[in-house]
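A.B. asks: Below are the sequence and a predicted model for it; my questions follow.
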Amino acid sequence: MRTRWIAEMVILCLVPVGLGACAWFQWDASALLSFVVAVAAIVLFFVDFETSKPALRQIMPTVVLAALAAAGRILFAPIPDVKPVSAICILAGAVFGRRCGFMTGALAALVSNFFFGQGAWTPWQMYSWGLVGYLAGVLSAQGWLDHKPILYTYSFLSALVFGLIMNGWYVIGFVHPLTWESVLLAYAAGFPFDVIHGVATVGFTAIIYCPWKQKLVRMREKYALSGSA
């Protein structure tokens, strides 16, 4: 179990390390290199999930929550940065564990982008929302998300983490020349949208977390679903 957890940490750290290396060394084709790193991390995580051989009943909560997150993103498409995806990823991780949280976020981004359009940004969104769900699972396992101030603080910060990664992909791929000033300007331009995303995530979490969690926990216990998948 500990070995699997360490492997997950290494896989998840590939992306920020790759982004940092591309930015620091300013390699040519850094956008392609960082894209490859993001895809590799997601593939490795999916393979790790598959090798655990989850039963169909263990997979169903992930599939259903990912579908709800994707549908919610499409439903709120007219309102920029107001999406329930992060809140549902947090819920998935909190109830069914960190790997379910990651898979929910990754699948929600992939599926909803069949509506919004697939592109180089898709793996980054899959990783970012997956990370939101994964970290929620880690925090929940420690009992931290049982406290509403921590839950809402994480809900807000999760949107900033999402923005940090997505803006990092934008900076690496499209900001030239890459200087401290240009990086700060790029992040400053995206910060108001990240704040809106954070406030919206807190709002969605406040609405759905407690009632949905209660029902999902009952379902998890009734059907003996794993809380760490």
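C.D. replies: Yep, it's here.
A.B. asks: From here on, just use CA atoms for contacts and neighbour counts.
C.D. replies: Fine.
A.B. asks: worst-scoring helix or strand of the protein, pLDDT-wise?
C.D. replies: None of the helices or strands of the chain scores lower by mean pLDDT, DSSP states H and E than helix 30-51, at a mean of 71.
A.B. asks: Following element in sequence after that one, please.
C.D. replies: Per DSSP states H and E, the first helix or strand lying C-terminal to helix 30-51 is helix 56-75.
A.B. asks: how big is the angle separating whichever helix or strand comes after that next one from helix 56-75?
C.D. replies: Using DSSP H and E, the helix or strand that follows helix 56-75 towards the C-terminus is helix 85-96. Here the directions of helix 85-96 and helix 56-75 differ by 160 degrees (axes from the mean of the first three to the mean of the last three C-alpha atoms, to 10 degrees).
A.B. asks: Show the secondary-structure elements that helix 85-96 is packed against.
C.D. replies: On a contact count with 3 or more C-alpha pairs under 8 Å, 6 or more residues apart in numbering; DSSP states H and E, helix 85-96 meets helix 56-75, helix 98-116, helix 121-141, helix 148-174, helix 180-222.
A.B. asks: Put the alpha carbons of the first one into CSV.
C.D. replies: The C-alpha atoms that make up helix 56-75 are tabulated as CSV, following Å, rounded to 0.1, in the frame of the first residue of the first chain:
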residue,chain,number,x,y,z
LEU,A,56,-17.3,-3.0,-11.7
ARG,A,57,-19.1,-1.8,-8.6
GLN,A,58,-16.0,0.0,-7.6
ILE,A,59,-15.8,1.8,-10.9
MET,A,60,-19.4,2.9,-11.1
PRO,A,61,-19.2,5.7,-8.6
THR,A,62,-16.2,7.2,-10.5
VAL,A,63,-18.0,6.9,-13.8
VAL,A,64,-21.3,8.5,-12.5
LEU,A,65,-19.6,11.3,-10.7
ALA,A,66,-17.4,12.1,-13.7
ALA,A,67,-20.5,12.2,-15.9
LEU,A,68,-22.2,14.5,-13.5
ALA,A,69,-19.1,16.8,-13.4
ALA,A,70,-18.9,16.8,-17.2
ALA,A,71,-22.7,17.6,-17.5
GLY,A,72,-22.4,20.3,-14.9
ARG,A,73,-19.5,21.9,-16.8
ILE,A,74,-21.5,21.9,-20.0
LEU,A,75,-24.6,23.2,-18.3
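A.B. asks: Any buried residues in that helix, and which?
C.D. replies: The neighbour-count check on helix 56-75 (16 or more other C-alpha atoms under 10 Å) flags 58-59, 61-63, 65-74 as buried.
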